[in-house]
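Engineer: Whatever this is, show me its structure:
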Amino acid sequence: HDDLYGDIQDIDFLHKKDGIQNKISNKLQLKKFNFKIDEIQDLHGLQPKDAENEVNNFLEHHYNLGTKYLLIIHGKGTKNKSKKAPIKKLVEKLVIESPHVLVATSACRNNGGRGATILLMKS
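Structural biologist: All right, here's what the predicted structure looks like:
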């Protein structure tokens with residue numbers, strides 16, 4: 001996971017599969033969600049390898065349940081002494097590669113802003 005240790009880029013994240021309309025991703029980024037506790041995964045304090053396992057299991061589990069929206073809290077990395085954000089970069093990489101995620105975007109401020117990612121899952 002050496003590619004996860006670049007300098008922090010505090011910018012909004014957006015990934016959408018081909019064919020997904022911009023209005024869907026825009027709505028996802030602006031909407032305030034009231035997630036159930038099991039639809040949220042907080043990765044604070046985890047090392048990249050452990051976080052990778054947690055995210056992959058979380059995505060697979062919720063895909064099988066048919067969950068539509070998920071929230072992954074990863075932090076922005078701005079409080080990290082090394083000024084790196086490996087967990088945030090890992091989450092971005094994993095959701096881009098996941099066959100279960102249609103859209104992933106930085107959360108609205110009320111759901112964690114750039115320190116969290118909201119996912120629209122395939123059903």
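Engineer: So for stretch 61-70, what gets flagged as buried?
Structural biologist: Using 16 or more other CB atoms under 10 Å as the test for burial, stretch 61-70 gives His62, Tyr63, Thr67, Tyr69, Leu70. (Glycine included, C-beta is placed from N, CA and C.)
Engineer: Figure out how far whichever strand or helix holds the second one is from the centre of its chain.
Structural biologist: Under the assignment given by DSSP states H and E, the secondary-structure element containing Tyr63 is helix 48-65. Relative to the mean C-alpha coordinate of its chain, helix 48-65 is positioned 11 Å out (CA atoms, centre = their mean, to the nearest Å).
Engineer: Export that helix to CSV, keeping only CA atoms.
Structural biologist: Only the C-alpha atoms of helix 48-65 are listed here, as CSV (Å, rounded to 0.1, in the frame of the first residue of the first chain):
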residue,chain,number,x,y,z
PRO,A,48,-4.5,0.2,6.0
LYS,A,49,-4.5,-3.6,5.8
ASP,A,50,-7.1,-3.9,8.5
ALA,A,51,-9.2,-1.1,7.0
GLU,A,52,-9.0,-2.8,3.6
ASN,A,53,-10.5,-6.0,5.1
GLU,A,54,-13.2,-4.1,6.9
VAL,A,55,-14.3,-2.1,3.9
ASN,A,56,-14.4,-5.1,1.6
ASN,A,57,-16.4,-7.1,4.1
PHE,A,58,-18.7,-4.1,4.7
LEU,A,59,-19.4,-3.6,1.0
GLU,A,60,-20.0,-7.3,0.3
HIS,A,61,-22.3,-7.7,3.4
HIS,A,62,-24.4,-4.7,2.4
TYR,A,63,-24.5,-5.6,-1.2
ASN,A,64,-25.9,-9.0,-0.2
LEU,A,65,-28.5,-7.3,2.0
